[in-house]
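Participant: What shape does this take:
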Amino acid sequence: MKVMQEQMRSQAVEYCYLKEISRKYSDGQAIAQRVAKQLKRSAGSLKSSICGFNNKFASQQSVTFAQVADPSSDFNQLISSDVLSYNQDIPLVVWRKATDALNLCDRGHEEEEIVRTEMKNTPFLPESTIYHPG
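Facilitator: Now for the predicted structure:
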């Protein structure tokens with residue numbers, strides 16, 4: 001039961017992430033169409049997992065798509081922290097944004113070093129040799 005709950009939770013996190021991404025793009029864009037397909041596929045996978053869970057554990061607990069897809073629902077609160085793997089303690093959306101920010105910061109430092117190296121390697125030209133349109 002706990003394995004199925006963890007699987008559904010991970011699918012729900014993916015579904016929420018795709019939903020958030022789909023809001024960023026207008027409907028006609030190619031990337032929006034691809035995200036919409038992924039969102040539909042993710043929702044279908046989540047629905048089939050929910051059906052399997054309900055068929056197997058209907059006597060104990062029955063859940064709906066809305067309960068599983070909502071991160072603040074009672075269903076997600078039932079999953080104890082020992083079931084969750086270490087990388088799911090932080091929501092995937094937050095994890096990806098933090099990773100993107102860290103990568104952007106690292107890239108900025110790399111660019112700064114590249115510019116400093118280029119400036120050191122650039123020969124100094126006297127003011128008189130530079131063309132000034134007059």
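
Participant: okay, how far is it across stretch 57-70, tip to tip?
Facilitator: 20 Å (CA to CA, to the nearest Å).

Participant: tell me the mean pLDDT for that stretch?
Facilitator: For stretch 57-70, the mean pLDDT works out to 81.

Participant: What residues sit buried inside it?
Facilitator: 63, 67-69 (16 or more other CB atoms under 10 Å). Yep, even glycine has a C-beta here, placed from its N, CA and C like the rest.

Participant: same check, this time on stretch 18-27
Facilitator: 18, 21-22.

Participant: Residues touching it, excluding its own?
Facilitator: Stretch 18-27 has contacts (CB atoms under 8 Å, 6 or more residues apart in numbering) with 31-33, 35-36, 38-39, 42, 93.

Participant: Any chance of these in CSV with neighbour count, pLDDT and distance to residue 3 as columns?
Facilitator: Formatted as CSV, the contacts of stretch 18-27 follow (neighbours: other CB atoms under 10 Å; pLDDT from 0 to 100; distance: CB to CB, whole Å):
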residue, neighbour count, pLDDT, distance to residue 3
31, 12, 86, 34
32, 16, 87, 34
33, 12, 88, 34
35, 19, 89, 28
36, 14, 90, 30
38, 16, 91, 24
39, 17, 91, 25
42, 20, 91, 19
93, 17, 78, 23
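
Participant: what's the closest of those to residue 133?
Facilitator: residue 31 (43.5 Å; CB to CB).

Participant: What separation is there between that closest one and residue 21?
Facilitator: Per CB to CB, to the nearest Å, residue 31 is found 9 Å from residue 21.

Participant: before we move on, what about residue 113?
Facilitator: 32 Å.
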